[in-house]
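Chemist: Just need the structure, nothing else, for what follows:
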Amino acid sequence: NGTTQGIFIGEEHGGDHDAVTDHIICGSQDTATVEQWPGAPSFTTWRSVNLGDGGFVLVDDTGATSIRFSSFQNFNLFQMRHCDATGATCPGADVNGNFTADAGELCSAVAAGTSCFPDLTGFTAADVQFYTPLALNAANSMRLVIGGQTTLWESGNRGVSVTAVPLAGGAAIFGGVSRALVYGHTGNANVLLFGDLGLQLFVRTTAAPAAASLVASWPGLDPTAAVLAPGDWKIAYVADSVSVYRTVDISAGTPVWEDVTGNLGRLGVNSIRSMEIIAKTGFDVLLVGTDVGVFAMYSTAPGIWTPFGTTLPQTLAFDMVYDSADDVLVVAMLGRGVWKLSNAADSFDGNFIFGAAPSDLTFELSKPVGVSTTTPGVLSTTAEVQVVTIGATGGTFTLSLGSATTQRLAVGSQATVVKAALEAL
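Modeler: This next block holds a predicted model:
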């Protein structure tokens, strides 16, 4: 369902979902960080949080109340806001209202549970990117990482202090840390997987201060998105702009990669921007956000992709977030707002048609119809009537006789229209 009545033309380049309040928060180009206003009809009223170009956003919804992280371009005024269980009370950190992180507003200076600006002690301010990638640790929400131009920064205290993640063997980050950034897993809180804009992928599987190692076997271009399998942290999926790869052991000295791009190109995909994964019994569902919408693949059928949520606008799905706490999928689209799917895991039952066609998925049905005849070449004097029922509420159909086919007819067309089309053959 589209949830963006107030921001239909919003260029949403990042988003997250608050499972405590069931609200979405987005980093929005030109129109700041925005979030759903609590209690509004259908959640289509939004409020601004930051100014300028909203940066990456994060939500810690592991407690009875939630914590929302946001900033604007160049990682300015990175703040941590404590929200109540309804989202109605969600005060900003800038108590003085002067658009400055004053000393008394830093997290080290305020009481626990108070909105504040993380101190970022140890951080090099010049290392920020225009859009600075962020990730919360999936196993410990006190921990987060910040992707700079030359360094990945790690914090164990929600940004009060940070340290640089060392790189093994003299490796260096080129062009900045990319959006392909995964931190922590329920099976290994210390796993860290990230890419840069210099065609490189890095991994760390043990606790800091261990170094992250260059994955020399990475076969792709600049990594654009990455996820770990929910049930096994060693299984990783990483995408670049045109391909998707899988390894069953990212912890191996030389991970072996399988190209699972399959038929994505034939579906019209030219650019892969985001990725999510949903656990089901016996398999996982991998979702990729592309320049023409979202596509799904079962882990048990690698390389076979199907359009997912075809009522979504066919444009850049710049970011996706799956919140397993309440089974919600959020898709942030560049230029077409943000979309939400509740009970997302129910969409996948092992079949390859997702949702209720035709409202969700365009499909084609071939229905053979046999016609009995008398002696060939002899004009029949017996009228034959056949009734064919197709359970569809919309769409079009054609009728074929031999090699001839009618034009497309709308489902529900009058009999006279169908008769005329057949006679035209």
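Chemist: gap between the nearest residue to Q129 once chain neighbours are set aside and L58?
Modeler: Excluding its sequence neighbours, the residue lying closest to Q129 (Cβ to Cβ, 6 or more residues apart in numbering) is G176, at 4.9 Å. Bear in mind the C-beta positions are built from the backbone N, C-alpha and C, glycine included. G176 sits 18 Å away from L58 when distances are taken as Cβ to Cβ, to the nearest Å.
Chemist: what do you get for A325?
Modeler: In terms of Cβ to Cβ, A325 sits 14 Å off from L58.
Chemist: Find me the pLDDT at the spatially most central residue of the chain, would you?
Modeler: Closest to where the C-alpha atoms of the chain average out (Cα atoms, centre = their mean) is M320, at 1.5 Å. M320 is assigned a pLDDT of 93 by the prediction.
Chemist: List the beta-bridge partners for it.
Modeler: Using DSSP bridges, the bridge partners assigned to M320 are V331.
Chemist: does it really touch G293, like I thought?
Modeler: No - using Cβ atoms under 8 Å, M320 is not in contact with G293, being 11.1 Å away.
Chemist: Now do the worst-scoring helix or strand of the chain on mean pLDDT: everything it contacts.
Modeler: Counting by mean pLDDT, DSSP states H and E, the weakest-scoring helix or strand in the chain turns out to be strand 400-401, with a mean of 74. For strand 400-401, the external contacting residues (Cβ atoms under 8 Å, 6 or more residues apart in numbering) are 406, 422, 425.
Chemist: how close does the closest residue to V269 other than its chain neighbours get to G14?
Modeler: Spatial nearest neighbour of V269, chain neighbours left out: T290 (4.5 Å); criterion: Cβ to Cβ, 6+ apart. Per Cβ to Cβ, T290 is found 16 Å from G14.
Chemist: Can you give the distance of the least confident helix or strand of the chain from its chain's centre?
Modeler: Here the centre of strand 400-401 is set off from its chain's centre by 43 Å, with Cα atoms, centre = their mean, to the nearest Å.
Chemist: Sketch out the helices for the chain, chain order is fine.
Modeler: Using DSSP state H, the helices of the chain run over residues 415-423.
Chemist: related to what we said a few turns ago, would you mind measuring from the residue nearest to the centre of the chain to G147?
Modeler: Per Cβ to Cβ, M320 is found 18 Å from G147.
Chemist: Likewise for L181?
Modeler: Between L181 and G147 the computed distance is 6 Å (Cβ to Cβ).
Chemist: now do Q36
Modeler: 26 Å.
Chemist: what's the answer for A420, then?
Modeler: 62 Å.
Chemist: the more surrounded of those two?
Modeler: Neighbour count, other Cβ atoms under 10 Å: between A420 and G147, G147 has more, with 27 against 13.
Chemist: Wait, that one touches G195, no?
Modeler: No - using Cβ under 8 Å, G147 is not in contact with G195, being 9.5 Å away.
Chemist: hey, what's in contact with both of the two?
Modeler: In contact with both G147 and G195: 177-178, 181, using Cβ under 8 Å, 6+ apart.
Chemist: can I get those in a markdown table with distance to V215, pLDDT and neighbour count?
Modeler: Below are these laid out as a markdown table (distance: Cβ to Cβ, whole Å; pLDDT from 0 to 100; neighbours: other Cβ atoms under 10 Å):
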| residue | distance to V215 | pLDDT | neighbour count |
| --- | --- | --- | --- |
| V177 | 15 | 98 | 29 |
| S178 | 13 | 97 | 23 |
| L181 | 14 | 98 | 21 |
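Chemist: quick one: which of those sit in strands?
Modeler: 177-178, 181 (DSSP state E).
Chemist: Please identify the buried residues of stretch 153-162?
Modeler: 153-155, 158-162 (16 or more other Cβ atoms under 10 Å).
Chemist: And stretch 265-284, by the same measure?
Modeler: Across stretch 265-284, burial judged by 16+ other Cβ under 10 Å covers 269, 272-280, 284.
Chemist: Strands - which of these land there?
Modeler: Reading strands off the buried residues of stretch 265-284 with DSSP E, I get 272-280, 284.
Chemist: Next up, the contacts around I277.
Modeler: By Cβ under 8 Å, 6+ apart, the neighbours of I277 are 227-230, 237, 284-287, 322.
Chemist: Now tabulate those residues in JSON lines and tack on distance to S141.
Modeler: Shown next, in JSON lines, are those (distance: Cβ to Cβ, whole Å):
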{"residue": "V227", "distance to S141": "18"}
{"residue": "L228", "distance to S141": "17"}
{"residue": "A229", "distance to S141": "21"}
{"residue": "P230", "distance to S141": "17"}
{"residue": "Y237", "distance to S141": "23"}
{"residue": "D284", "distance to S141": "23"}
{"residue": "V285", "distance to S141": "25"}
{"residue": "L286", "distance to S141": "24"}
{"residue": "L287", "distance to S141": "23"}
{"residue": "Y322", "distance to S141": "16"}
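Chemist: Looking at those residues, state which has the most neighbours.
Modeler: Among those, the one with the most neighbours (other Cβ under 10 Å) is Y237, at 26 neighbours.
Chemist: follow-up on the earlier one: out of the ones in strands among the shared contacts of G147 and G195, which comes closest to L316?
Modeler: Set against L316, the nearest of those by Cβ to Cβ is S178 (16.1 Å).
Chemist: residue contacts, the closest residue to the closest one other than its chain neighbours?
Modeler: Spatially, and ignoring its direct neighbours in sequence, S178 is nearest to G195 (4.3 Å; Cβ to Cβ, 6+ apart). By Cβ under 8 Å, 6+ apart, the contact set of G195 is 177-178, 180-181, 201-202, 222-224, 226, 238.
Chemist: Distance of G195 relative to A168?
Modeler: Relative to A168, and taking Cβ to Cβ, G195 is found at 16 Å.
Chemist: same question, S28
Modeler: For S28, the distance to A168 equals 37 Å [Cβ to Cβ].
Chemist: Ok, A103 next?
Modeler: Here the criterion is Cβ to Cβ. By it, A103 lies 37 Å from A168.
Chemist: residue ranges with poor pLDDT in this protein?
Modeler: 1-10, 39-44, 310, 350-394, 402 (pLDDT under 70).
Chemist: returning to what we had before: any chance of a markdown table for the ones in strands among the shared contacts of G147 and G195, columns distance to V411?
Modeler: Converted to a markdown table, those look like this (distance: Cβ to Cβ, whole Å):
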| residue | distance to V411 |
| --- | --- |
| V177 | 50 |
| S178 | 45 |
| L181 | 46 |
